[in-house]
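**Student:** this is the structure alone, sequence omitted:
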């Protein structure tokens, strides 16, 4: 049975042309004109890629600083002991610890958005693959979340650095801000993510790298973006 849409959504849908291929500027401009719900929606860019995520040499993942932040309060968990733990607390991490946090995460704790670990903590943290892996939260040196400088990592993610990873269906989806952001800020954040994903193209990827690109807010109709120039990169 088709999902019944709200009156607000139906009104918004009338302003979005399902057959049109939008430029990023057009999509953001139209999105800002749509009727909005009573909360500040997140805006997400999704790119469906022509790679096989089952192959390790075609994995697409990376990190990208958003020029204007994400608009989201990021809760950081840090696996560390000693001076590194003290530095993490001073830098504003919400959860800091080692054995206690490992047991807490094993028990199902999910109240955080980013996990950071010192290199010497990773021997035990890797055992949390079942809990952290499916949510894309396993600390990784490539995204700057395995480091001895935990304070710098915490500041970076709280300032708006985001990590991304392709899912099993071949799509990378990243939140680029809130609907309340000015148009130019949303556009610049979205472009930063698109550029980062283009740069992350695996050397082994053949054929069309970007199959489609979409921009959408949490509870609003989405826009198909013009991806024609992305495959020339």
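**Tutor:** Nice, thanks for sending it over. What you are looking at is a predicted structure, and each value in this text was computed from that prediction instead of being measured.

**Student:** and the pLDDT at the residue most central in space within the chain?
**Tutor:** Taking C-alpha atoms, centre = their mean as the criterion, residue 174 is the residue nearest the geometric centre of the chain, at 3.5 Å. pLDDT for residue 174: 94.

**Student:** what bridges to it?
**Tutor:** residue 45 (DSSP bridges).

**Student:** so who does it touch?
**Tutor:** 44-46, 64, 162, 164, 193, 197 (C-beta atoms under 8 Å, 6 or more residues apart in numbering). Placement of C-beta: from N, CA and C, glycine included.

**Student:** least confident of those?
**Tutor:** residue 162 (87).

**Student:** how about residue 183: what's its closest non-neighbour residue?
**Tutor:** Closest residue to residue 183 apart from its sequence neighbours, by C-beta to C-beta, 6 or more residues apart in numbering: residue 28 at 5.3 Å.

**Student:** from residue 171, how far off is that neighbour?
**Tutor:** Distance check for residue 28 against residue 171: by C-beta to C-beta, to the nearest Å, it reads 20 Å.

**Student:** between those two, who's got more neighbours?
**Tutor:** Using other C-beta atoms under 10 Å, the more surrounded residue of residue 28 and residue 171 is residue 28, with 28 against 16.

**Student:** confirm for me that that one is in contact with residue 188.
**Tutor:** No: contact status for residue 28 versus residue 188: not in contact, 9.8 Å apart, counting by C-beta atoms under 8 Å.

**Student:** show me the contacts for residue 126.
**Tutor:** Listed by C-beta under 8 Å, 6+ apart, the contact set of residue 126 reads residue 138.

**Student:** how about the strands in this protein?
**Tutor:** With strands called from DSSP state E, the chain shows them at 42-49, 61-65, 76-79, 95-97, 114-117, 161-165, 171-178, 210-217, 223-225.

**Student:** export those as JSON lines, with columns for distance to residue 155.
**Tutor:** Listed next are the strands of the chain as JSON lines, based on distance: least, C-beta to C-beta, whole Å:
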{"stretch": "strand 42-49", "distance to residue 155": "22"}
{"stretch": "strand 61-65", "distance to residue 155": "11"}
{"stretch": "strand 76-79", "distance to residue 155": "10"}
{"stretch": "strand 95-97", "distance to residue 155": "15"}
{"stretch": "strand 114-117", "distance to residue 155": "11"}
{"stretch": "strand 161-165", "distance to residue 155": "9"}
{"stretch": "strand 171-178", "distance to residue 155": "19"}
{"stretch": "strand 210-217", "distance to residue 155": "28"}
{"stretch": "strand 223-225", "distance to residue 155": "31"}
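
**Student:** remind me, longest helix of this protein?
**Tutor:** helix 183-199 (DSSP state H).

**Student:** got any ranges where the chain has weak pLDDT?
**Tutor:** For the chain, the stretches with pLDDT under 70 are 1-3, 232-233.
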